[in-house]
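Asker: coords below, sequence missing:
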């Protein structure tokens, strides 16, 4: 099911939520990722610090050329518009759970009360929008979609193709699980965008993972094309940092029988559920072909746990990436999700620093499962303050209690 694994780099966040690089003299053998490319291209940490000032479509991984003249990092919670040829250089505000623009101090007590009341009203409004966010909806603007230049290119699609896509829409609208969210486009039926919540009990828990989909003209004779918004990170053997999704059902990896795309049976819902269950699983180390037989027993378990630690760090970085650049039409979902899950995520981080195994904090702590390498605990510690800063900027409250002294 999986593809060959490339490697990633390590970045961290300072107390203000901006990204900085740390060196650990005794951590050289900790990360499973190859850092040899770091000297040849701009670090992801620099890229992240520039997100709020760079003209890129929401969610797209950055090309590194613009980092040659970096703009200063600023705290922001704004959605960037589509590429330069489509936008007017205005950046609409992301809704936040609690207003950070209302003055917190005033010579008038009545002013303070009014400010507090306005903040509470905004908090409640965004909470309602998040709770009422539809799993499936039809939208208009596809300009930032990865496959917006694909498709029939002005030609009228066949009626049979249109009917098949409509059938897919009906299935998605009816049967989507409550952890997968989809938007389709009224004027471009060949496009779809999905956001998948990382499953509990895995190193991806509480993360949001964004995918763009294209139904080709000869669909369903061939499977849909799927692109993953990686943010420049490789957090799974099946999800490449260039956006490739490696899955038998997509015919991008070997498979047998029903594992591969079946034109008369396979569906888009099946693809999305498979990505969530088969790719974003509890032991992604074994997604790499041959690793289950190459590393059996306790050796494999040890390597899998170490890999999960690596992946959890990358998942935390993906959370910040997604918060800073939420995909279009999913802004309320992103902000509401991380506001509601901020304490769960931060509590998990503190538990992992105490030695609890990655993924085991969702259904309660398991003190008997004390593990976790010292470098991993240190890496989590370096991430927490950045998470606190970014969650707080998005409106999550009372997060400062999780801060650590580095």
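Answerer: Arrived safely, thanks for sending. Quick caveat: nothing in here was measured; it's all calculated off a predicted structure. Residues are numbered from 1 along each chain as shown.

Asker: Give the residue spans of the stretch 1-150 of the chain that score low on pLDDT.
Answerer: Along the stretch 1-150 of the chain, segments meeting pLDDT under 70 span 1-122, 126.

Asker: before we move on, what about the stretch 151-300 of the chain?
Answerer: 256-257.

Asker: tell me the helices in it, going along the chain?
Answerer: Secondary structure of the stretch 151-300 of the chain by DSSP state H, counting those that start in this stretch: the helices cover 159-175, 268-274, 291-294, 297-324.

Asker: what's in contact with the shortest one?
Answerer: I take that to be helix 291-294. 285-286, 300, 303 (C-beta atoms under 8 Å, 6 or more residues apart in numbering). Where you see a C-beta, it was placed from the backbone N, CA and C, and this is true even at glycine.

Asker: Verify the contact between residue 168 and residue 268 for me.
Answerer: Yes - using C-beta atoms under 8 Å, residue 168 is in contact with residue 268, at 4.9 Å.

Asker: Compare the two (neighbour count), which wins?
Answerer: Between residue 168 and residue 268, counting by other C-beta atoms under 10 Å, residue 268 is the more crowded of the two (24 against 21).

Asker: ok, back up a step: any chance of the helices of the stretch 151-300 of the chain in JSON lines, plus distance to residue 384?
Answerer: Listed next are the helices of the stretch 151-300 of the chain as JSON lines, based on distance: least, C-beta to C-beta, whole Å:
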{"stretch": "helix 159-175", "distance to residue 384": "37"}
{"stretch": "helix 268-274", "distance to residue 384": "31"}
{"stretch": "helix 291-294", "distance to residue 384": "31"}
{"stretch": "helix 297-324", "distance to residue 384": "9"}
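
Asker: Which one, of those, ends up nearest to residue 228?
Answerer: helix 297-324 (10.5 Å; C-beta to C-beta).

Asker: Show me what counts as buried in that closest one.
Answerer: With burial defined by 16 or more other C-beta atoms under 10 Å, the residues of helix 297-324 counted as buried are 300, 303-324.

Asker: Quick check: next helix or strand after it?
Answerer: helix 331-353 (DSSP states H and E).

Asker: so residue 339 sits right up against residue 394, yeah?
Answerer: Yes - Residue 339 lies in contact with residue 394 (C-beta under 8 Å); the separation is 6.2 Å.

Asker: burial measure for residue 264, as a count.
Answerer: 6.

Asker: What is the burial count for the spatially closest residue to it that is not a sequence neighbour?
Answerer: Using C-beta to C-beta, 6 or more residues apart in numbering and skipping residues adjacent in sequence, the residue nearest residue 264 is residue 220, 7.7 Å away. Per other C-beta under 10 Å, the neighbour tally for residue 220 reads 22.

Asker: Would you agree residue 398 falls within a helix?
Answerer: No - read with DSSP: H, G, I helix; E, B strand; the rest coil, residue 398 is coil and lies in no helix.

Asker: what about it, neighbour count?
Answerer: Using other C-beta under 10 Å, residue 398 has 9 other residues around it.

Asker: same question, residue 216
Answerer: Neighbour tally, residue 216, other C-beta under 10 Å: 17.

Asker: again with residue 295
Answerer: 17.

Asker: Kindly report the same for residue 352.
Answerer: Neighbours around residue 352, by other C-beta under 10 Å: 25.

Asker: and the angle from the helix or strand where residue 387 lies to helix 331-353?
Answerer: Per DSSP H and E, residue 387 falls inside helix 374-393. Here the directions of helix 374-393 and helix 331-353 differ by 150 degrees (axes from the mean of the first three to the mean of the last three C-alpha atoms, to 10 degrees).

Asker: so what does helix 374-393 touch, helix or strand wise?
Answerer: strand 12-13, helix 297-324, helix 331-353 (3 or more C-beta pairs under 8 Å, 6 or more residues apart in numbering; DSSP states H and E).

Asker: Surely residue 212 touches residue 190?
Answerer: No - assessed by C-beta under 8 Å, residue 212 is found out of contact with residue 190, at 11.3 Å.

Asker: re earlier: shared neighbours, residue 168 and residue 268?
Answerer: Listed as contacting both residue 168 and residue 268 by C-beta under 8 Å, 6+ apart are residue 215.

Asker: If you count neighbours, what's buried in stretch 260-270?
Answerer: Across stretch 260-270, burial judged by 16+ other C-beta under 10 Å covers 260-261, 266-270.

Asker: Out of these, which is nearest to residue 398?
Answerer: Of all those, residue 269 has the smallest distance to residue 398: 37.8 Å, by C-beta to C-beta.

Asker: and the nearest residue to that closest one once chain neighbours are set aside, how many residues sit next to it?
Answerer: Spatial nearest neighbour of residue 269, chain neighbours left out: residue 171 (5.2 Å); criterion: C-beta to C-beta, 6+ apart. As a burial measure, residue 171 scores 15 neighbours (other C-beta under 10 Å).

Asker: Excluding chain neighbours, what is closest to residue 151?
Answerer: residue 190 is the one closest to residue 151 (C-beta to C-beta, 6+ apart), at 4.4 Å.
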